[in-house]
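[1] sharing a model prediction with you, sequence too.
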Amino acid sequence: MPRLGGTAWLPFAHARLSTVNLILWTAALTARFAAVHSQQAQYTVVTTNFGKLRGLKTPLPNEILGPVEQYLGIPYASPPTGERRFQPPEPPTSWPGIRNATQFAAVCPQYLEDRFLLNDMLPVWFTANLDTVVTYVQDQKEDCLYLNVYVPTEDGANSKTQGPDISSNDDDEDEDIHDENGLKPVMVYIHGGSYMEGTGNMIDGSILASYGNVIVVTINYRLGILGFLSTGDQAAKGNYGLLDQIQALRWIKENIQAFKGDPKRVTIFGSGAGASCVSLLTLSHYSEDLFQKAIIQSGTALSSWAVNYQPAKYTRMLAEKVGCNMLDTSDLVECLQNKNYKELIEQNITPAKYHIAFGPVIDGDVIPDDPQILMEQGEFLNYDIMLGVNQGEGFKFVDGIVDSEDGVSANDFDFAVSDFVDHLYGYPEGKDTLRETIKFMYTDWADKENPETRRKTLVALFTDHQWVAPAVATADLHAQYGSPTYFYAFYHHCQSDMKPSWADSAHGDEVPYVFGIP
């Protein structure tokens with residue numbers, strides 16, 4: 001049975017939910033380490049299809065973890081500016097000499113104004129540390145299609161070649177994950193952020209690369225209006241952010257061997273909106289032969305917020321705000337292309353609750369049909385898939401609706417359920433029955449007067465609807481065809497001042513553990 005860090009991952013067909021400890025590395029690593037001092041710097045050079053890159057060999061602050069070569073700010077596409085705005089990405093141009101790849105590139109434009117954020121869909125560590133997060137996204141440009149590569153320079157803790165002291169930590173089922181050519185597997189992280197915020201620069205892949213003996217790649221892709229605006233016709237088809245991810249994967253396939261990576265062993269993974277992107281990429285013909293495995297953390301293409309089913313509506317709302325509301329959509333798009341990007345991203349376009357204003361759309365091309373239909377047709381069967389959820393994903397939904405510090409009163413419970421039904425179901429028929437059914441199913445009848453119990457079941461309601469049900473449905477459809485399918489549940493209680501003590505593992509809580517920086 002395959003193992004990760006000594007922990008068993010059960011095939012979905014054998015176990016619907018298995019409690020899994022995702023802690024890859026915690027001892028003595030409680031903070032994100034800073035860049036090495038100049039006197040420690042050792043520069044390395046690799047040759048890609050577009051030119052030479054100078055990276056930085058970086059020692060890690062632990063005797064077990066070997067050094068990592070970091071190649072930062074690598075262009076994987078041409079700048080999507082001017083007439084390229086609202087267009088698919090194009091390959092990058094070559095460069096002469098040696099390009100310096102020791103600093104992060106600019107991030108894709110985003111507006112981190114607290115009142116504009118879809119807080120319920122963002123991790124606690126993101127919204128509670130907004131002042132810190134902002135420091136990672138201060139340098140913004142439309143020219144933002146860059147990726148970062150983290151390459152282990154020694155056999156990691158998961159390799160038998162490390163020696164008996166390390167390999168003895170795991171059992172005999174572990175295998176050296178090198179192949180006969182010395183190429184390492186590749187993990188490509190697609191960041192989340194409700195399709196509106198975030199950057200791959202914020203996630204340091206060094207510890208995961210060194211400990212896991214894998215090459216880790218993080219990417220930036222176009223976000224929000226610039227990444228997903230769609231008129232619903234040929235004028236602006238949308239899905240530019242997804243196409244950016246596909247272009248990054250294409251670049252990786254063609255160039256990762258220069259970093260001693262195996263283009264035939266690529267795993268894509270992401271959390272939240274990043275997970276739904278991963279899920280959507282498994283359904284797109286554009287992704288064929290670009291990766292082999294997918295890890296989908298807390299979000300799938302079946303989540304209510306994964307796909308925008310009313311793109312033209314929100315595009316018109318934006319156009320009205322910036323004086324581009326032409327009847328002809330081609331004229332409208334041309335007008336938007338001529339606007340300063342800051343004017344566009346600073347507009348407050350509020351989506352319906354539990355949905356998105358700018359995100360992936362069914363364009364008949366990149367996403368040819370409704371994800372449910374594509375899954376039923378078996379479009380994602382070529383990939384091994386692992387899916388998972390956190391125990392308390394719905395924490396922020398409850399925290400944002402009712403005062404839950406001392407539990408939830410009966411009146412607040414009824415209000416929250418009614419608000420949930422009203423915003424998710426547009427048809428008035430049967431709403432009363434639906435409300436009563438949900439209240440019945442999510443009442444702990446053995447302890448129904450306890451406000452803390454009501455709070456717990458209310459969190460479970462949002463967790464089940466927004467994350468668990470879509471993940472289980474996706475896993476079911478994938479497993480029905482006999483494709484390798486794995487499922488995990490993250491139950492670790494993350495102690496933090498950023499959320500109350502009663503909160504279980506919330507949305508996004510697993511991410512720092514995956515990257516070894518909890």
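    Perfect, thanks for sending it.
[2] list the contacts of Gly241.
    By CB atoms under 8 Å, 6 or more residues apart in numbering, the residues touching Gly241 are Tyr195, Tyr221, Arg222, Leu223, Gly227, Phe228, Cys277, Pro360. In short, each C-beta sits where N, CA and C put it, glycine included.
[3] how about the stretch of helix or strand it belongs to: buried residues?
    With secondary structure defined by DSSP states H and E, Gly241 is part of helix 240-255. Under the neighbour-count criterion of 16 or more other CB atoms under 10 Å, helix 240-255 has 240-253, 255 buried.
[4] again with stretch 56-64
    Leu56, Lys57, Thr58, Pro59, Leu60, Asn62, Ile64.
[5] what's the neighbour count on the closest residue to Thr199 other than its chain neighbours?
    Leaving aside its chain neighbours, Thr199 sits nearest to Val107 (4.0 Å; criterion: CB to CB, 6 or more residues apart in numbering). Neighbourhood size, Val107 [other CB atoms under 10 Å]: 22.
[6] Tyr425 too?
    Counted by other CB under 10 Å, the residues lying close to Tyr425 total 13.
[7] for Phe269, same thing?
    20.
[8] Gly392 too?
    With other CB under 10 Å as criterion, Gly392 counts 25.
[9] now do the SS call for it.
    Put simply, Gly392 is coil when judged by DSSP: H, G, I helix; E, B strand; the rest coil.
[10] what sits up against the longest strand seen in the chain?
    Longest strand in the chain, counting residues (DSSP state E): strand 261-271. With contacts defined as CB under 8 Å, 6+ apart, strand 261-271 is touched by 123, 151, 179, 181, 183-192, 215, 249, 252-254, 256-257, 275, 277-278, 281, 290-299, 508, 510-511, 514.
[11] paired strands for that strand, with orientation please.
    When pairs are called by DSSP bridges, strand 261-271 turns out to pair with strand 184-190 (parallel), strand 293-297 (parallel).
[12] how far off helix 240-255 does it point, in degrees?
    Counting by axes from the mean of the first three to the mean of the last three CA atoms, to 10 degrees, strand 261-271 lies at 160 degrees to helix 240-255.
[13] buried sites along strand 261-271?
    Gly261, Asp262, Pro263, Arg265, Val266, Thr267, Ile268, Phe269, Gly270, Ser271.
[14] do stretch 484-498 as well
    Pro484, Thr485, Tyr486, Phe487, Tyr488, Ala489, Phe490, His492, Cys494.
[15] so which of these are in strands?
    Counting by DSSP E, the part of the buried residues of stretch 484-498 found in strands is Thr485, Tyr486, Phe487, Tyr488, Ala489, Phe490.
[16] residues near the residue nearest to Glu142 when sequence neighbours are not counted, how many?
    Closest residue to Glu142 apart from its sequence neighbours, by CB to CB, 6+ apart: Thr81 at 4.7 Å. Using other CB under 10 Å, Thr81 has 14 neighbouring residues.
[17] likewise for Glu154?
    Neighbours of Glu154 (other CB under 10 Å): 13.
[18] quick one: it and Gly66 touch, right?
    Yes. In this structure, Glu154 is within contact of Gly66 by CB atoms under 8 Å, at 3.2 Å.
[19] any common contacting residues for those two?
    Contacts common to Glu154 and Gly66, judged by CB under 8 Å, 6+ apart, are Ser210.
[20] contacts only, for the residue nearest in space to the middle of the chain.
    Nearest to the mean C-alpha position of the chain, by CA atoms, centre = their mean, lies Gly274 at 2.0 Å. For Gly274, the contact set (CB under 8 Å, 6+ apart) comprises Tyr189, Ile190, His191, Gly192, Gly193, Gly198, Gln297, Gly299.
[21] quick one: buried ones out of those?
    For the contacts of Gly274, buried by 16+ other CB under 10 Å: Tyr189, Ile190, His191, Gly192, Gly193, Gly198, Gln297, Gly299.
[22] look up how far Phe104 lies from the fourth one.
    Same thing as Gly192. Counting by CB to CB, to the nearest Å, the separation of Gly192 from Phe104 is 18 Å.
[23] try the first one
    Taking CB to CB as the criterion, Tyr189 is separated from Phe104 by 15 Å.
[24] tell me, how many residues neighbour the nearest residue to Leu65 once chain neighbours are set aside?
    Nearest non-adjacent residue to Leu65, counting by CB to CB, 6+ apart: Ser210, 4.3 Å away. Per other CB under 10 Å, the neighbour tally for Ser210 reads 30.
[25] where's Ser210, which helix or strand?
    helix 206-212.
[26] that helix - contacts with which helices or strands?
    Secondary structure elements in contact with helix 206-212, counted by 3 or more CB pairs under 8 Å, 6 or more residues apart in numbering; DSSP states H and E, are strand 68-75, strand 146-152, strand 215-219.
[27] give the partner strands of whichever helix or strand comes after the first one in its sheet and their orientations.
    Meaning strand 68-75. For strand 68-75, the following helix or strand on the C-terminal side (DSSP H and E) is strand 98-100. According to DSSP bridges, strand 98-100 forms sheet pairs with strand 51-58 (parallel).
[28] which residues touch the strand it pairs with?
    Residues contacting strand 51-58 (CB under 8 Å, 6+ apart): 35-36, 41-47, 67-72, 74, 94-102, 149, 151, 153, 206.
[29] out of the strands paired with strand 261-271, which gets nearest to Pro470?
    Relative to Pro470, the nearest member of the strands paired with strand 261-271 by CB to CB is strand 293-297, separated by 9.8 Å.
[30] what angle do that closest one and strand 485-490 make?
    Using the same axes, to 10 degrees, strand 293-297 lies at 30 degrees relative to strand 485-490.
[31] could you pull up the residues touching the residue lying closest to Thr443 once chain neighbours are set aside?
    Residue nearest to Thr443 in three dimensions, not counting chain neighbours: Thr457, with 6.7 Å by CB to CB, 6+ apart. Contacts here follow CB under 8 Å, 6+ apart; on that basis Thr457 touches Tyr442, Thr443, Asp444.
[32] cutoff 10 Å now
    Val398, Val408, Phe413, Lys439, Met441, Tyr442, Thr443, Asp444, Asp447, Lys448, Asn450 (CB atoms under 10 Å, 6 or more residues apart in numbering).
[33] about what we covered before: do you know how far the residue nearest to Glu142 is from Pro109?
    Applying CB to CB, the value for Thr81 to Pro109 is 11 Å.
[34] ditto for Gln247
    18 Å.
[35] from what I can see Ala306 touches Met375, true?
    No. Judged on CB atoms under 10 Å, Ala306 makes no contact with Met375 at a distance of 12.0 Å.
[36] these two: which has the busier surroundings?
    Neighbour tally, Ala306 and Met375, criterion other CB under 10 Å: the higher count belongs to Met375, 25 against 22.
[37] host element of the more buried one?
    helix 371-376.
[38] check contacts around the spatially closest residue to Ile349 that is not a sequence neighbour.
    Once flanking residues are discounted, Ile349 sits nearest to Ala357: 4.6 Å by CB to CB, 6+ apart. For Ala357, the contact set (CB under 10 Å, 6+ apart) comprises 118, 194-196, 224-225, 228-229, 308, 310-311, 313-315, 317-318, 347-351.
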